[in-house]
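K.L.:
Sequence and predicted structure are below.
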Amino acid sequence: MKKFTLVFSSMFIAALLHAQAPATSVAQAAPVPAVEIAKVLEFKEATHDFGKIAMGKPVEFDVIIKNISSDSIKIENVKVGCGCTTPKYEQVAHAPGSTFKVTLGFSNMQEGHFEKYADIFFNNGLSKQVKFFGEGYKVADNSAPANGAVQKIKGTNK
């Protein structure tokens, strides 16, 4: 038992000493400066208000993006928060100065306020989160009022 305690204590002390060792040269390398997305891409509308929309009625909006850099840019992926949002985009290189879009379709199935997000990922490690929101309302089963004149013509209203 004494040997086990001695071996275990030695391993514990060695682990503590190793944790206190100076960092390796890889960790000490200068960090690569992050490129600000605002210096590469210009977004016409990164937040969209749908206003009031009927439940179950699909809607969509376009996120218009302009490449203001001197290099080509490519959309690698668009991740959405739920299955109620569908992104459409072209996965091609967009030349400097060109304008392109990501279409976000949304099918609301709830009443009340909603707020959703989509993350757009570009090459070179760039990404942008866009937000859309609005208010869903339930459409009445019979949204048109009854017309008494039609009933009189049919002869069912006496």
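P.N.:
Thanks, I have the structure now.
K.L.:
Which residue, other than its chain neighbours, is closest to residue 40?
P.N.:
residue 69 (4.3 Å; CB to CB, 6 or more residues apart in numbering). All C-beta spots, glycine's among them, are computed from the backbone N, C-alpha and C.
K.L.:
contacting residues around stretch 56-70?
P.N.:
39-46, 48, 50, 53, 73, 94-109, 120, 130, 132, 139 (CB atoms under 8 Å, 6 or more residues apart in numbering).
K.L.:
got the buried residues for it?
P.N.:
Residues of stretch 56-70 classed as buried: 59-61, 63, 65-67, 69 (neighbour count, 16 or more other CB atoms under 10 Å).
K.L.:
and of those, the nearest to residue 90?
P.N.:
Residue 90 lies nearest to residue 65 out of the buried residues of stretch 56-70, by CB to CB, at 11.3 Å.
K.L.:
Distance check, that closest one against residue 98.
P.N.:
Here the criterion is CB to CB, to the nearest Å. By it, residue 65 lies 9 Å from residue 98.
K.L.:
hey, what's in contact with both of the two?
P.N.:
Applying CB under 8 Å, 6+ apart, one finds that no residue jointly contacts residue 65 and residue 98.
K.L.:
do you know how far residue 125 is from residue 88?
P.N.:
Counting by CB to CB, the gap from residue 125 to residue 88 is 23 Å.
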